[in-house]
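Novice: the following block contains a protein sequence and its predicted model.
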Amino acid sequence: MPILNRAAEMQDEVAGWRQHLHQTPELNFDVFKTAAFVTEKLKAFGCDDVVTGLGKTGVVGIIRGRQGEGPTIGLRADMDALPLNEISGKSYASTIPGKMHACGHDGHTAMLLGAAKYLAETRNFTGSVAVIFQPAEEGGGGGNEMVKDGMMDRFDISKVFGMHNMPGLPVGQFAIRPGPIMAATAEFTITVRGKGGHAAMPHGTIDPIVITSQLVGALQTIASRSTDPVEAVVVSVTKFHAGDAYNIIPETAEIAGTVRTLRKEIAKKSEERIRTICEGLATAFGAKIEVDYQANYPVTFNHAEETVFASDVAIGVAGDAHVHRGIQPVMGGEDFSYMLEARPGAFIFVGNGDTAGLHHPAYDFNDEVIPHGMSYWVKLAETALAA
């Protein structure tokens, strides 16, 4: 079926919610105003239950169908923003310096609220829909906290589905794949401890800057020489700090960065190689090198049956030509992965059109996406819970 007429009619209303959220971004778990806004809307829609404080500041609304008892499916949106100064120039731009919705979570929240309003009005399904609004997707692991808080068992959620906008994919199109669709993430901090001294007499020092510079290049061999070329791995050094003066070789240097992989085996091997490289360079240069390695989000892994189901629902909304069933995995991380570890489900991308990229200070969620995303959520719920 095409876009729901009701979703098209609600576009301006939902866009108003989205733009309000865009003006008042909040970070990590500190999404108190956003969660209060969501809670107020869900109660006004007539949700049968509205539970707050899950995973610290998450919100879940339960909508029961009018056609009797049945399973519960979960539909998830994220609420948090990013620590950026916005340069979009929009009339509804962020009013809070250093915070902006640069990943479209304001749009995700608004679309799921719109779907919740429709589903609460019509209730044309058997069983229940759990609309899940989670905090702290941007590095805080809010999805994991909600799972650990017992959300899946508390609401007897049998399957769970997520959606994220994708700049560059045309509005009205969807993209998905079975198996790994987004990467596992890890973060590392490496401290090189040498021997400082006068910059004019480097022979009397153990220069941590020279050693760390060698280390930056050596880490790139994890992808180019230590990993099968058909496997996916990214090792990016994103910080390099050392020294404070022109004429002093410092005692220490520090780098930090991220590792992205699509398989647990590659993730483990990458960590091992980082530690081995550091040990080798420390021995070669007579320095001490300390590695702090923190595994973060797991792979976002789409379950086969649910991926086919989600693809078919998207085709019903957008048409077969506008649903890409075999996209390349994205090496960004996503904490919906924890929910997919807890229950079968699928994560899908919806086109945001020709906009600035995610996490860019000029990014803005495209409000033309709203009826497409709403229609997908509604049809997914009604189809999954058909009598």
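Specialist: Perfect, thanks for sending it.

Novice: only C-alpha atoms for contact and neighbour calcs from this point on.
Specialist: Noted.

Novice: and the lengthiest helix in the chain, C-alpha only, in PDB?
Specialist: Selection of the longest helix in the chain by residue count, based on DSSP state H, yields helix 264-285. This file holds the C-alpha atoms of helix 264-285, laid out as PDB (Å, rounded to 0.1, in the frame of the first residue of the first chain):
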ATOM      1  CA  LYS A 264      33.400 -10.800  16.900                       C
ATOM      2  CA  GLU A 265      36.500 -12.700  15.700                       C
ATOM      3  CA  ILE A 266      37.800  -9.700  13.800                       C
ATOM      4  CA  ALA A 267      37.100  -7.500  16.800                       C
ATOM      5  CA  LYS A 268      39.100  -9.800  19.100                       C
ATOM      6  CA  LYS A 269      42.000 -10.000  16.600                       C
ATOM      7  CA  SER A 270      42.100  -6.200  16.200                       C
ATOM      8  CA  GLU A 271      42.500  -5.700  19.900                       C
ATOM      9  CA  GLU A 272      45.200  -8.300  20.100                       C
ATOM     10  CA  ARG A 273      47.100  -6.700  17.200                       C
ATOM     11  CA  ILE A 274      46.900  -3.200  18.900                       C
ATOM     12  CA  ARG A 275      48.400  -4.600  22.000                       C
ATOM     13  CA  THR A 276      51.100  -6.600  20.200                       C
ATOM     14  CA  ILE A 277      52.100  -3.500  18.100                       C
ATOM     15  CA  CYS A 278      52.400  -1.400  21.200                       C
ATOM     16  CA  GLU A 279      54.500  -4.000  23.000                       C
ATOM     17  CA  GLY A 280      56.800  -4.200  20.000                       C
ATOM     18  CA  LEU A 281      57.300  -0.500  19.700                       C
ATOM     19  CA  ALA A 282      57.800  -0.100  23.400                       C
ATOM     20  CA  THR A 283      60.600  -2.700  23.300                       C
ATOM     21  CA  ALA A 284      62.200  -1.200  20.100                       C
ATOM     22  CA  PHE A 285      62.400   2.300  21.500                       C
END
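
Novice: could you name the helices and strands sitting against that helix?
Specialist: In this structure, helix 264-285 makes packing contacts with helix 208-219, helix 221-224, strand 252-261, strand 288-295, judged by 3 or more CA pairs under 8 Å, 6 or more residues apart in numbering; DSSP states H and E.

Novice: could you dump the ones you listed to a markdown table with distance to residue 330, mean neighbour count and mean pLDDT?
Specialist: Written out in a markdown table, the entries for the helices and strands packed on helix 264-285 read as follows (distance: least, CA to CA, whole Å; neighbours: other CA atoms under 10 Å; pLDDT from 0 to 100):
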| stretch | distance to residue 330 | mean neighbour count | mean pLDDT |
| --- | --- | --- | --- |
| helix 208-219 | 21 | 18 | 98 |
| helix 221-224 | 16 | 16 | 98 |
| strand 252-261 | 10 | 21 | 98 |
| strand 288-295 | 18 | 16 | 97 |
